[in-house]
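Novice: could you work out the structure for the sequence below:
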Amino acid sequence: MKTRVIVKFTFEGIHHWIEAPEPDPKEPILTDVRFLRTPHRHIFHVVAKKSVSHDDRDIEIIMLKRKMERHYSAHKIPFDLGQMSCEMIAKQFLRVYKLDYCSVLEDGENGAEVYIEQKAIFQGSGSGSEVLEVCEKCAEIKGSCDCDKGTVTLDELFGR
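Specialist: Got it, this is the predicted structure:
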């Protein structure tokens with residue numbers, strides 16, 4: 001049996017996608033997303049899940065939620081996320097708070113979910129198979145990520 005704590009919250013942010021594609025001339029109404037190039041505001045809806053090892057406040061849910069809520073909101077509101085996508089925001093939460101799962105939706109509608117599927121990856125076949133460890137913070141192959149190479153502040157991350 002596996003137990004996870006769950007937190008849900010929202011935060012106000014602005015982002016944009018400079019490389020939003022040109023519309024397809026065959027279906028211009030359905031494919032025109034050029035407006036995404038301009039900074040626009042959303043209420044981002046976040047759901048985060050984190051494994052716990054026992055049932056007696058291994059992680060205090062309220063404290064985790066407060067920390068995550070303040071991740072962006074402790075700065076200027078609405079927070080300028082630059083070109084960060086929902087996928088990027090979810091991965092950042094996953095790494096920083098060592099989550100198993102995180103979803104980020106724009107205005108509660110569209111977005112992304114990121115989760116750690118497994119703890120090991122098998123490379124090769126038969127008796128020559130090699131087990132590769134997976135980083136629990138970002139789900140990349142251990143050693144190929146920067147998770148254990150120090151942390152950066154939000155100002156450093158956003159070049160401020």
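
Novice: if I look at the most centrally placed residue in the chain, how far off is residue 30?
Specialist: When Cα atoms, centre = their mean is applied to the chain, the residue found nearest the centroid is residue 90 (1.1 Å). Distance, residue 90 to residue 30, by Cβ to Cβ, to the nearest Å: 26 Å. (Each C-beta comes from the backbone N, C-alpha and C, glycine too.)

Novice: pretty sure the residue nearest to the centre of the chain sits against residue 102.
Specialist: Yes. With contact defined as Cβ atoms under 8 Å, residue 90 reaches residue 102; the gap is 4.3 Å.

Novice: list residues touching both of the two?
Specialist: Common contact partners of residue 90 and residue 102 (Cβ atoms under 8 Å, 6 or more residues apart in numbering): 46, 113-114.

Novice: which of those residues lies closest to residue 25?
Specialist: When the shared contacts of residue 90 and residue 102 are ranked by distance to residue 25 (Cβ to Cβ), residue 113 comes first, at 32.9 Å.

Novice: where's the closest one, which helix or strand?
Specialist: strand 110-115 (DSSP states H and E).

Novice: residues contacting that strand, please?
Specialist: So strand 110-115 is in contact with 44-45, 49, 85-87, 90-91, 94, 100-105, 139, going by Cβ under 8 Å, 6+ apart.

Novice: likewise stretch 55-70?
Specialist: Residues contacting stretch 55-70 (Cβ under 8 Å, 6+ apart): 3, 5-9, 11, 46, 48, 50, 52, 93, 97.

Novice: got the CA coordinates for it in CSV?
Specialist: Listed next in CSV are the C-alpha coordinates belonging to stretch 55-70 (Å, rounded to 0.1, in the frame of the first residue of the first chain):
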residue,chain,number,x,y,z
ASP,A,55,0.3,8.1,8.8
ASP,A,56,1.2,10.6,11.5
ARG,A,57,2.2,13.8,9.9
ASP,A,58,5.2,12.6,8.0
ILE,A,59,4.6,15.8,6.1
GLU,A,60,2.1,18.3,7.5
ILE,A,61,-0.2,19.0,4.6
ILE,A,62,-1.1,22.6,5.6
MET,A,63,2.6,23.5,5.8
LEU,A,64,3.4,21.9,2.4
LYS,A,65,0.4,23.8,0.9
ARG,A,66,1.5,27.1,2.4
LYS,A,67,5.1,26.7,1.1
MET,A,68,3.9,25.8,-2.4
GLU,A,69,1.4,28.7,-2.4
ARG,A,70,4.1,31.2,-1.6
